[in-house]
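K.L.:
Structure for this input, please:
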Amino acid sequence: MRTTVLLLLSYTRLTLRVVPHYGLYGDNWEPVVASIERGQVQYIASDHLTELTLAILQKDRQRDPSLGYACDVVPMLMRLWQLMQTCGVRFVCNAGGLNPMGAALAAQTALAVRFQPIKVEKIEAGVRRKHQISRFLK
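P.N.:
Reported below is the predicted structural model:
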């Protein structure tokens, strides 16, 4: 079983609590649930893009151009959404892989059907990235 590490970043009066999580295909999300329930975290940062995952995403995208993202991010968000809402936790991930817009649309659609319409921010590399990230963190 993997242990989840709680990162406490402190600068002057600001303390930011982040739980880093590795979202490999088939990974266990229960440590993330425990961190949200007991860790007073503000952000979950999930890394989905190992070399093996990218190879799988490329094969998925070759079969279906609408894929190319880590599809398990949608059921994971469905599992965590209410708890994240209750505790005020934001989720940051790179599950978009080769198709970030596809991942954003899939997450928005699934969550809107079951819960409510949500804001999904797709952040691309480049000049506007710093502005996009700071806007998301507010």
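K.L.:
excluding its backbone neighbours, what's nearest the spatially most central residue of the chain?
P.N.:
Central residue of the chain (CA atoms, centre = their mean): Cys93, 3.3 Å from the mean position. Nearest non-adjacent residue to Cys93, counting by CB to CB, 6 or more residues apart in numbering: Ser46, 4.0 Å away. Glycine gets a C-beta too; all of them are placed from N, C-alpha and C.
K.L.:
Tell me the buried residues in the strand or helix carrying Leu54?
P.N.:
According to DSSP states H and E, Leu54 maps onto helix 51-63. By neighbour count on 16 or more other CB atoms under 10 Å, the buried set for helix 51-63 is Thr53, Ile56, Leu57, Asp60, Arg61.
K.L.:
On the three-state scheme, Ala110 is what?
P.N.:
The assignment at Ala110 comes out as helix when based on DSSP: H, G, I helix; E, B strand; the rest coil.
K.L.:
Can we start the residue count at 23 from this point?
P.N.:
Fine by me, first position is 23 from now on; the one you just mentioned is Ala132.
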